[in-house]
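Colleague: Pasting the sequence and the predicted coordinates here, then a few questions.
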Amino acid sequence: MPRILITSALPYINGVKHLGNLVGSMLPADVYARFQRARGQEVLYICATDEHGTPAELAARAAGQTAEEYCTEQYEVQKRAGEAFGLSFDHFGRSSNLPNHRLTQHFAAVLEEKGLIQERADKQVYSIDDQRFLPDRYVEGTCPECGHEKARGDQCDNCGRLLDPVELINPYSTISGSRNLETRETKHLYLLQSKMQDRIAEWVDDHPDWPLLTKSIAHKWLKEGLRDRAITRDLYWGIKVEKDGRPRSGFENKVFYVWFDAPIEYLGATEEWALASPDGNRDWRSWWRLDEGAEDVRYVQFMGKDNVAFHTVSFPCTILGTEEPWKTVDTLKSLNWLTWYGGKFSTSENRGIFMDQALELLPADTWRWHLMANAPESDDASFTLEHFASVVNKDLADVLGNFVNRITRFCAARFGEAVPEGGAFGEVEDRLIADLGQRIKAYTDALEAMEFRKAFVELRAIWVAGNEYLQVAAPWTKVKQDKDAAAASVRCALNLIVLYAALSRPVIPFTADKMFAVFGLDSEAASRWPENAEQALQTLQPGHEFTPAPVLFTKVEDDQLLEWREKFGAPRADK
RNA sequence: GGCGGGGUAGCUCAGUUGGUGAGAGCGCAGGAUUCAUAACCCUGAGGUCGGCGGUUCAAAUCUGCCCCCCGCUACCA
């Protein structure tokens, strides 16, 4: 049986992630991981914070902390937010941890041995007052083309012209505003990606099953021709540039570029997972080295569309360039953006809803369901509070929650708090089983294909099927003439709750566990993926006691919605 | 600017390789029901499939041009 390695794009350390970040990589990866575990697959789901780079240094400075302190604090915040959302990482690591340092040094050294790394000198803008080199986007000035006064160092937002920072008139640092800038020469290591062009093209062509969005982005980069890129930066916070275990001459004040070390943290975090093993039995290399047992691993990556090029071209250059037998990705799931009322979620402008704020409004499962059922798969998708409230009320409260409530309460009132005996399943149940059989297959296939919207349309239809069944079976009518027949219907419906819990657990794990708890079932054991609807409806035998659960989902009231709109500054509703 | 993705009912979105009268959920209207969170279930109204040409017996689907939204454009990550 193949093992499945799952990674979601590493969230940047710079603050709590918003709902767009969540649904772009971590949440779909979690749903997929949970689904595969339920099917009995051996899954390793790895994620980590991406901590290096200029923004982290600047954010730390703004907070009056060292980068180390800032990142440690933010790491804890993000880790807690992930746990609160039920993200079932097998390990949530840090790109600043030791394994990533070791691995990054290893990759750099081997790439250099293979002739793929070269020292080159560059001219860059240095800010004397900030005491640092400024990345292009941290320099602004007047555009030489159109006179726009806030042109960034790489491009003018007004006329669209691509710029070199040295072309800017009256350039200033966006960090301090200082105009005390000069151009200095600085050495950097370059990864000679141009030499990898054919190798990467061949590797990409070996994966014809990638989604369209993923393939077209990869092909676009290859078509333009891979360019050599600098993999070091003039920063303090990052992985030091070494040679033979010592600071590399001329690179004492430099670190590796965050985009070079961040993907390596996929491996690093796996090693962290192994190091954290209680019994020392975890072998991280068996997941990553083809010569140490990884032949049977299927590796799936989840990411937002902005990350695709780095995962289909840049990181493969690093990993394939070593000519060592590292595992490369088999399948990529790339998602588009979730928008805030059609505009951008923005961390810097504090626009939209962030993970910690979301949980102050409603429980994690409501967000998980809404985000996944409306995931931005084929195009950017719009998040609105109105839509969210409507989905919570209809799908979760009315369709699923009410189903559980209506049948458990009816049973308790007429038969007591145990699965009733008597009667037998008949034609109505046969039709239900046939319907469920088809839908469970469609649902399973869609999850397997990571087509989430499609999957959750099916899951919702499976919930609806329960309500339809009750409507036809009408035990509240039957109970008056034929109590045995009513008992059979109730038994069937109670079993549906358990079936629904198992099927729904990948997306709404907290609620699924509550549903199992109604019947005193152990979640882990009961959540095995149902292969057969008929068998699944025999799970609860007559006499099995239960405790009617409190309402699973409370509805969002209109005044709540208004309060939220106010709180988050929601634009005028689309509808 | 270049490249890529997308523009389908009031809203959010599905629509394999072009082929029976274009779909779902929400919202709306009507009906049925009363076990249930004024919930559930059934039925219905609603679309010149971004615009204008072209190919074809046949186009939401292929092609040309135009308009709009989004991403990338290698030093934001």
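Modeller: Thanks, I have it. Being a predicted model, the structure only gives us computed values, none of them experimental.

Colleague: buried set for the helix or strand harbouring residue A:49?
Modeller: Assigned by DSSP states H and E, residue A:49 falls within strand A:42-49. By neighbour count with 16 or more other C-beta atoms under 10 Å, strand A:42-49 contains the buried residues A:43, A:44, A:45, A:46, A:47, A:48, A:49. Quick note: C-beta positions are derived from backbone N, CA and C, even for glycine.

Colleague: That one pairs with which strands, and in what direction?
Modeller: strand A:3-8 (parallel), strand A:91-94 (parallel) (DSSP bridges).

Colleague: I'd like to check the angle between whichever helix or strand comes after it and strand A:42-49, please.
Modeller: Proceeding C-terminally, strand A:42-49 gives way to helix A:54-62 as the next helix or strand, assigned by DSSP H and E. Following axes from the mean of the first three to the mean of the last three C-alpha atoms, to 10 degrees, one obtains 50 degrees for the angle between helix A:54-62 and strand A:42-49.

Colleague: Any buried residues in helix A:54-62, and which?
Modeller: Using 16+ other C-beta under 10 Å as the burial criterion, the residues of helix A:54-62 that qualify are A:54, A:55, A:56, A:57, A:58, A:59, A:60.

Colleague: Can you narrow those down to the ones near RNA strand B?
Modeller: With C-beta under 7 Å from any atom of the strand as the criterion, the buried residues of helix A:54-62 include A:54, A:55 near RNA strand B.

Colleague: from the buried residues of helix A:54-62, which is closest to residue A:290?
Modeller: Nearest to residue A:290 among the buried residues of helix A:54-62: residue A:56, at 33.5 Å, using C-beta to C-beta.

Colleague: what's the burial count for the residue nearest to the closest one when sequence neighbours are not counted?
Modeller: Once flanking residues are discounted, residue A:56 sits nearest to residue A:13: 5.3 Å by C-beta to C-beta, 6 or more residues apart in numbering. For residue A:13, the neighbour count with other C-beta atoms under 10 Å is 28.

Colleague: how close does residue A:13 sit to RNA strand B?
Modeller: For residue A:13, the distance to RNA strand B equals 8 Å [C-beta to the nearest atom of the strand, to the nearest Å].

Colleague: Look up phi and psi at that residue.
Modeller: Here is the backbone geometry of residue A:13 (degrees, to the nearest 10): phi -70, psi -20.

Colleague: Contacts only, for it.
Modeller: Residues in contact with residue A:13 (C-beta atoms under 8 Å, 6 or more residues apart in numbering) are A:49, A:50, A:51, A:56, A:70, A:71, A:74, A:75, A:78.

Colleague: among the residues you listed, which one has the lowest pLDDT?
Modeller: In terms of pLDDT, the weakest of the contacts of residue A:13 is residue A:56, which scores 91.

Colleague: Tell me the pLDDT of residue A:572.
Modeller: 62.

Colleague: Over to residue A:160?
Modeller: Checking the pLDDT column for residue A:160, the value is 67.

Colleague: residues near the closest residue in space to residue A:514 that isn't next to it in sequence, how many?
Modeller: Once flanking residues are discounted, residue A:514 sits nearest to residue A:549: 5.9 Å by C-beta to C-beta, 6+ apart. By other C-beta under 10 Å, 18 other residues sit near residue A:549.

Colleague: a helix runs through residue A:549, doesn't it?
Modeller: No - under the criterion used here (DSSP: H, G, I helix; E, B strand; the rest coil), residue A:549 is coil, not part of a helix.

Colleague: ok, it - contacts?
Modeller: A:404, A:405, A:408, A:514, A:515, A:517, A:518.

Colleague: Pick out the most distant pair among those residues.
Modeller: A:405 and A:517 (14.6 Å).

Colleague: ok, back up a step: out of the contacts of residue A:13, which one sits closest to RNA strand B?
Modeller: Nearest to RNA strand B among those, counting by C-beta to the nearest atom of the strand, is residue A:50 at 4.7 Å.

Colleague: Okay, and the beta partners of the closest one?
Modeller: The residues that residue A:50 bridges to, once DSSP bridges is applied, are residue A:12.

Colleague: Which one of the residues in chain A is closest to RNA strand B?
Modeller: For chain A, C-beta to the nearest atom of the strand, closest residue to RNA strand B: residue A:401, 2.0 Å.

Colleague: tell me the phi and psi of the residue located most distally from the centre of chain A?
Modeller: In terms of distance from the mean C-alpha position of chain A, residue A:481 ranks first, at 53.0 Å (C-alpha atoms, centre = their mean). When quoted as degrees, to the nearest 10, the phi and psi of residue A:481 stand at phi -100, psi -40.

Colleague: where's it relative to residue A:474, distance?
Modeller: Counting by C-beta to C-beta, to the nearest Å, the gap from residue A:481 to residue A:474 is 11 Å.

Colleague: and RNA strand B, which of the contacts of residue A:549 reach it?
Modeller: A:404, A:405.

Colleague: Serialize the contacts of residue A:549 to TSV and add fields for distance to residue A:1 and neighbour count.
Modeller: Output for the contacts of residue A:549, formatted as TSV (distance: C-beta to C-beta, whole Å; neighbours: other C-beta atoms under 10 Å):
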residue	distance to residue A:1	neighbour count
A:404	34	26
A:405	39	17
A:408	37	22
A:514	31	17
A:515	28	25
A:517	30	16
A:518	32	19
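
Colleague: Sitting in helices, which of the contacts of residue A:549 do you find?
Modeller: Taking DSSP state H, the ones among the contacts of residue A:549 that sit in helices are A:404, A:405, A:408, A:514, A:515, A:517, A:518.

Colleague: Which of those residues sits closest to residue A:455?
Modeller: Checking the ones in helices among the contacts of residue A:549 one by one against residue A:455 (C-beta to C-beta), the nearest turns out to be residue A:515, at 18.9 Å.

Colleague: List the contacts of the closest residue to the closest one other than its chain neighbours.
Modeller: Excluding the flanking residues, the one nearest residue A:515 by C-beta to C-beta, 6+ apart is residue A:501, at 3.7 Å. Counting by C-beta under 8 Å, 6+ apart, residue A:501 makes contact with A:511, A:512, A:513, A:515, A:516, A:526, A:527.

Colleague: Next: residue A:534.
Modeller: Here residue A:534 is in contact with A:433, A:437 (C-beta under 8 Å, 6+ apart).

Colleague: Can you name the element that comes right after the helix or strand hosting it?
Modeller: Using DSSP H and E, residue A:534 falls within helix A:533-536. Remark: after helix A:533-536, the chain's next helix or strand is helix A:558-568, criterion DSSP H and E.

Colleague: by contact count, what packs against that next one?
Modeller: helix A:385-391 (3 or more C-beta pairs under 8 Å, 6 or more residues apart in numbering; DSSP states H and E).

Colleague: near RNA strand B, which of the buried residues of strand A:42-49 show up?
Modeller: For RNA strand B, no contacts are drawn from the buried residues of strand A:42-49 by C-beta under 7 Å from any atom of the strand.

Colleague: ok, which pair from those residues is furthest apart?
Modeller: A:43 and A:49 (21.1 Å).

Colleague: ok, back up a step: what would the contacts of residue A:549 look like in JSON lines with pLDDT?
Modeller: Listed next are the contacts of residue A:549 as JSON lines, based on pLDDT from 0 to 100:
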{"residue": "A:404", "pLDDT": "98"}
{"residue": "A:405", "pLDDT": "97"}
{"residue": "A:408", "pLDDT": "97"}
{"residue": "A:514", "pLDDT": "97"}
{"residue": "A:515", "pLDDT": "97"}
{"residue": "A:517", "pLDDT": "97"}
{"residue": "A:518", "pLDDT": "97"}
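
Colleague: ok so, going back, quick check, pLDDT for the residue farthest from the centre of chain A.
Modeller: For residue A:481, pLDDT reads 91.
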